[in-house]
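[1] just a sequence and a predicted model for now, questions to come.
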Amino acid sequence: MANLFERLGRPSSAKAAIEQPHNDAQKMLDFLLRWPEDTVTVRDLRVYGPHSLRTRKDAISSAEILVANGWLKPVKPSRPDTYAWQIVRKNIVHPTVAM
């Protein structure tokens, strides 16, 4: 016999329904909104950012997603072999990255 949750087609745990999967771009956005400066570089993301962004490739690809969603703007870096972005701060309580 099925329990009440199975008959209603709902998850048996309310906690499972509330949790949302976090991806690297969302973690980066959460980090950037607490970052005290107006710009961020790849090195800043790799050193001070979330643990999942320790590789250069992951940091750049997550930043490109945020550029596409309007959270970052590319700027000219001080060194020619790196990337830099300006952080666009918006007045949103819990922002999410739309993919």
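    Arrived safely, thanks for sending. Numbering: from 1, shown residues only.
[2] let me see the ranges of the helices in this protein.
    Under the criterion DSSP state H, the chain contains helices at 4-8, 14-18, 24-32, 42-48, 56-68.
[3] can you check which of the ones you listed gets nearest to Ile87?
    helix 24-32 (5.3 Å; C-beta to C-beta). (Each C-beta comes from the backbone N, C-alpha and C, glycine too.)
[4] so where is the chain shaky, pLDDT-wise?
    For the chain, the stretches with pLDDT under 70 are 1-2, 5, 10-22, 99.
[5] just name the most buried of the helices of the chain.
    Among the helices of the chain, the stretch with the highest mean neighbour count (mean count of other C-beta atoms under 10 Å) is helix 24-32, at a mean of 20.
[6] residues in contact with the most centrally placed residue in the chain?
    Centroid check for the chain by C-alpha atoms, centre = their mean gives Gln26 as the closest residue, at 2.1 Å. By C-beta atoms under 8 Å, 6 or more residues apart in numbering, the contact set of Gln26 is Thr96, Val97.
[7] same check, this time on His51
    Neighbour list for His51: empty [criterion: C-beta under 8 Å, 6+ apart].
[8] give me every residue that touches Tyr48.
    Phe31, Trp35.
[9] roughly how far does it sit from Ser62?
    14 Å (C-beta to C-beta, to the nearest Å).
[10] contacting residues around the closest residue to Val67 other than its chain neighbours?
    Counting by C-beta to C-beta, 6 or more residues apart in numbering, Pro74 is the residue found nearest to Val67 once chain neighbours are left out, at 6.4 Å. By C-beta under 8 Å, 6+ apart, Pro74 lies in contact with Val67, Tyr83, Ala84, Trp85, Gln86.
[11] roughly how far does the residue nearest to the second one when sequence neighbours are not counted sit from Leu29?
    Across the structure, with C-beta to C-beta, 6+ apart as the measure, the residue nearest Tyr83 apart from its sequence neighbours is Val42 (4.9 Å). Taking C-beta to C-beta as the measure, Val42 falls 16 Å from Leu29.
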